[in-house]
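*Asks:* What follows is a predicted structure for the sequence shown.
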Amino acid sequence: MNISYSPPMSVLCFVTKTNLKGLGAYVRNVAKELYKVAANTGLEVVGPVYWIYNGVDGHPDTEFTLTIAIPITPPEEPWQAGPFEIKTLPAFHYKAQRLQGSWELLGPTYGSMLEQIQIKGLQPSGINRELYLRMDFQNPDNHITEIQIGLNP
């Protein structure tokens, strides 16, 4: 099992506390606002939308921190816009798998990945990322999502 590494990166992001049952409130609308703010303030977007889950355990009512982010080239001047902030995500070690299809397949895919991680004796970090490489809300079978399960180095 190959472990991948992502160096630190600057992002424009929205951070909130939620649970799995509450995720629907953030689908589509937060990413649209992030792109709008980036365009209106001249920020250069350099990657896809990330959803970063810190402390999620698979139980629908457990509260965790959700960060929705888009990678950017950091601005030269200090910056602030409403509920959005610019921050640097730390380096990240992870195991990844690409999923093509409906997000209903996310749960089983995570389960399979976590089983592989356990078999290999690796330690999850408690932080997972989903990169939305392609979103097709008219035909969800065309979604392309990269799932990244964080690992302790």
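*Replies:* Structure's in. What do you need?

*Asks:* The residue lying closest to residue 152 once chain neighbours are set aside: neighbour count?
*Replies:* Counting by C-beta to C-beta, 6 or more residues apart in numbering, residue 152 lies nearest to residue 123, which is 4.4 Å off, once chain neighbours are set aside. C-beta: built from backbone N, CA, C; applies to glycine. Taking other C-beta atoms under 10 Å as the neighbour definition, residue 123 ends up with a count of 11.

*Asks:* Tell me how far residue 123 lies from residue 133.
*Replies:* Counting by C-beta to C-beta, to the nearest Å, the gap between residue 123 and residue 133 amounts to 27 Å.

*Asks:* do residue 85 as well
*Replies:* 24 Å.

*Asks:* so residue 87 is in which element?
*Replies:* With elements delineated by DSSP states H and E, residue 87 resides in strand 85-89, which encompasses its position.

*Asks:* Within its sheet, name the partner strands of that strand and how each one runs.
*Replies:* Taking DSSP bridges as the criterion, strand 85-89 forms sheet pairs with strand 9-18 (antiparallel).

*Asks:* Hmm, the residue nearest to residue 152 is touching residue 150, no?
*Replies:* No. In this structure, residue 123 sits apart from residue 150 without contact. The criterion is C-beta atoms under 8 Å, and the distance is 9.8 Å.

*Asks:* need the contact list for the most centrally placed residue in the chain.
*Replies:* Ranked by distance to the mean C-alpha position of the chain (C-alpha atoms, centre = their mean), the top residue is residue 51 at 2.3 Å. With contacts defined as C-beta atoms under 8 Å, 6 or more residues apart in numbering, residue 51 is in contact with 66-68, 129-130, 132.

*Asks:* So which of those residues wins on neighbours?
*Replies:* residue 68 (24 neighbours).

*Asks:* Right, I'll call it a day here.
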